[in-house]
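Visitor: sequence below, structure please.
(one chain, ligands or ions: 2)
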Amino acid sequence: MAVQSPAPGTTDPGPAPANPDAPSAFGPAVALSCRECGARVPLGPVFACEECFGPLEVAYDFGDEGPEALRARIEAGPQNIWRYAPLLPVPADVTDKPNLNPGFTKLVKADRLAAELGVTGGLYVKDDSGNPTHSFKDRVVAIAVEAARTFGLTTLSCSSTGNLAGAVGAAAVRAGFRSCVFIPADLEAGKVVMAAVYGGELVGIEGTYDDVNRFCSELIGDPIGENWGFTNVNLRPYYGEGSKTLAFEICEQLGWRLPDNIVIPIASGSQLTKIDKGLQELIRLGLVADKPYRIYGAQAEGCSPVSAAFKAGHDVVRPVRPDTIAKSLAIGNPADGPYVLDIARRTGGAVEDVDDEQIVAAIKQLARTEGIFTETAGGVTIGVLRKLIESGQLDPAAETVAINTGDGLKTLDAVAPSTGMTAVIRPTLDSFREAGLA
Ligand SMILES: *Cc1c(COP(=O)(O)O)cnc(C)c1O
Ligand SMILES: [Zn+2]
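Guide: Residues are numbered from 1 along each chain as shown. Ligands and ions are numbered 1, 2, ... in the order given. Sure thing, here's the model as predicted:
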């Protein structure tokens with residue numbers, strides 16, 4: 001099936017692609033709907049509204065099963081994201097298909113970190129470094145892969161800040177696709193190796209992530225891109241739904257209830273936006289009791305367009321050129337930035353940023369207090385959590401969940417200069433004593 005997307009300035013983009021397999025291939029999903037104008041189109045490999053160019057998202061008919069039956073069905077499901085298949089755009093037999101089965105990562109009660117930060121209402125770290133390729137991206141890719149299968153696409157691709165490239169490479173191998181992924185050429189060695197090792201094509205592009213993304217949009221519009229599924233571009237509506245599983249897991253792991261606060265790192269803003277969508281669905285379906293919750297966004301100071309807009313009271317996000325060690329979050333023109341602002345304001349949350357030094361300090365604080373080694377994105381999240389508490393923007397007496405989206409082993413350079421051996425000694429007790437360690 002040809003990949004279709006409306007070109008800017010086109011008045012008649014033609015009909016949306018028909019999807020002969022719908023609805024069962026997409027489970028409860030019934031259409032794509034425009035976030036801006038509400039226009040509906042059939043489920044297809046499209047991502048922008050033909051009426052207003054707004055982003056498309058998946059719309060559902062969840063039926064009227066009732067919360068008790070639905071909860072029981074979920075709890076009887078596998079220990080991965082497919083337990084939530086009844087709430088995702090995937091076929092009911094998704095578990096029979098070859099994929100990486102990500103999700104159901106640990107929700108760690110972080111009492112020692114809470115004590116250091118002065119949180120008294122309970123603090124949890126949702127540790128998504130435990131996914132198959134060690135970042136939250138396995139969740140979103142898994143849903144995009146199912147869509148690519150249904151649409152008959154043959155090459156999996158993405159524009160990536162690092163983690164997505166590895167997640168696509170691994171998922172493609174498992175599911176039997178060719179993969180060809182694109183990254184900024186200056187990424188961390190750990191990210192490059194993780195993306196290359198699965199054997200697909202890995203292309204470094206001279207430029208920022210935003211340049212990579214522009215290139216990918218061009219490729220989609222070209223005959224070269226026919227039958228290509230870009231997980232975060234033409235499959236973006238499906239990809240985004242994967243982040244809802246973070247909301248589902250957090251609430252289920254808390255005993256089917258909402259936390260008071262969730263702190264979420266922002267790259268394009270997709271994850272934050274879809275976690276909120278997931279929480280809203282849980283409330284609407286009666287799976288959790290409705291109560292207020294606050295969503296907080298975290299950025300690095302060297303790439304903080306959403307935080308800057310939040311603080312200035314703006315509705316639009318002005319693009320920036322990133323300069324930060326948090327490369328996985330270095331998107332200067334975040335597609336979902338305006339929706340992040342809406343959600344932070346509507347829920348009474350905030351968007352904050354921390355500098356590189358604070359990122360490193362937060363990585364080490366989380367490792368030292370909870371035994372969790374996060375990548376720079378997690379340093380941003382924990383650093384921002386600290387700053388939100390210190391500035392009075394987040395109530396320490398409320399229950400808070402912070403999301404660790406990636407593994408510190410992929411960004412060793414961030415902490416290597418400030419860590420190391422306590423001493424180097426000869427293999428004798430005397431030498432140990434001389435080093436002052438006895
Ligand atoms: C991609 C990514 C995010 C968030 O990305 P969004 O584009 O905002 O969904 C957060 N942390 C890490 C480590 C990532 O790789
Ligand atoms: Zn529209």
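Visitor: measure the residue lying closest to Leu153 once chain neighbours are set aside to Ser304 for me?
Guide: Of all residues not flanking Leu153 in the chain, Gly229 sits nearest, at 3.9 Å (CB to CB, 6 or more residues apart in numbering). Where C-beta positions appear, they are placed from N, C-alpha and C, glycine not excepted. Distance, Gly229 to Ser304, by CB to CB, to the nearest Å: 31 Å.
Visitor: between those two, which is the more surrounded one?
Guide: Set side by side, Gly229 and Ser304 show more neighbours around Gly229, with 30 against 26, by other CB atoms under 10 Å.
Visitor: what's the pLDDT at that one?
Guide: As predicted, Gly229 sits at a pLDDT of 97.
Visitor: OK, contacts around it?
Guide: By CB atoms under 8 Å, 6 or more residues apart in numbering, Gly229 lies in contact with Val3, Pro45, Ala144, Ala147, Ala148, Phe151, Leu153, Thr155, Leu156, Ser157, Phe177, Leu235.
Visitor: the last one touches Ala147, doesn't it?
Guide: Yes. Contact between Leu235 and Ala147 holds when scored by CB atoms under 8 Å: they sit 5.3 Å apart.
Visitor: now the common contact residues for those two.
Guide: When contacts are counted by CB under 8 Å, 6+ apart, Leu235 and Ala147 are jointly contacted by Pro45, Gly229.
Visitor: out of those two, which sits in the busier spot?
Guide: Leu235 (29 against 26).
Visitor: for that one, what are its contacts?
Guide: Pro45, Phe47, Ala144, Ala147, Ala148, Gly229.
Visitor: what sits against Glu241?
Guide: Applying CB under 8 Å, 6+ apart, the residues near Glu241 are Val58, Leu88, Pro89, Val140, Ile143, Lys274.
Visitor: from Val306, how far off is the closest residue to the second one other than its chain neighbours?
Guide: Spatial nearest neighbour of Leu88, excluding adjacent residues (CB to CB, 6+ apart): Glu241 at 5.7 Å. With distances defined as CB to CB, the gap from Glu241 to Val306 amounts to 21 Å.
Visitor: pull the CA atoms of the host helix or strand of Gly379 into CSV?
Guide: Using DSSP states H and E, Gly379 sits in helix 376-390. Output in CSV follows, covering the C-alpha atoms of helix 376-390 (Å, rounded to 0.1, in the frame of the first residue of the first chain):
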residue,chain,number,x,y,z
THR,A,376,20.7,11.4,30.6
ALA,A,377,16.9,11.6,29.9
GLY,A,378,16.3,10.1,33.4
GLY,A,379,18.8,12.6,34.8
VAL,A,380,16.6,15.3,33.3
THR,A,381,13.4,13.8,34.9
ILE,A,382,14.9,13.4,38.4
GLY,A,383,16.7,16.8,38.2
VAL,A,384,13.4,18.5,37.2
LEU,A,385,11.6,16.6,40.0
ARG,A,386,14.0,18.0,42.5
LYS,A,387,13.7,21.5,41.0
LEU,A,388,9.9,21.4,41.0
ILE,A,389,9.9,20.5,44.7
GLU,A,390,12.5,23.2,45.6
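Visitor: what mean pLDDT would you report for it?
Guide: pLDDT averaged over helix 376-390 gives 98.
Visitor: and that helix, is it in reach of ligand 1?
Guide: Yes. Helix 376-390 comes into contact with ligand 1 (CB under 6 Å from any ligand atom), by way of Ala377.
Visitor: what about the helix or strand just after that helix, distance to the chain center?
Guide: Using DSSP H and E, the helix or strand that follows helix 376-390 towards the C-terminus is strand 400-404. Relative to its chain's centre, strand 400-404 lies at 13 Å (CA atoms, centre = their mean, to the nearest Å).
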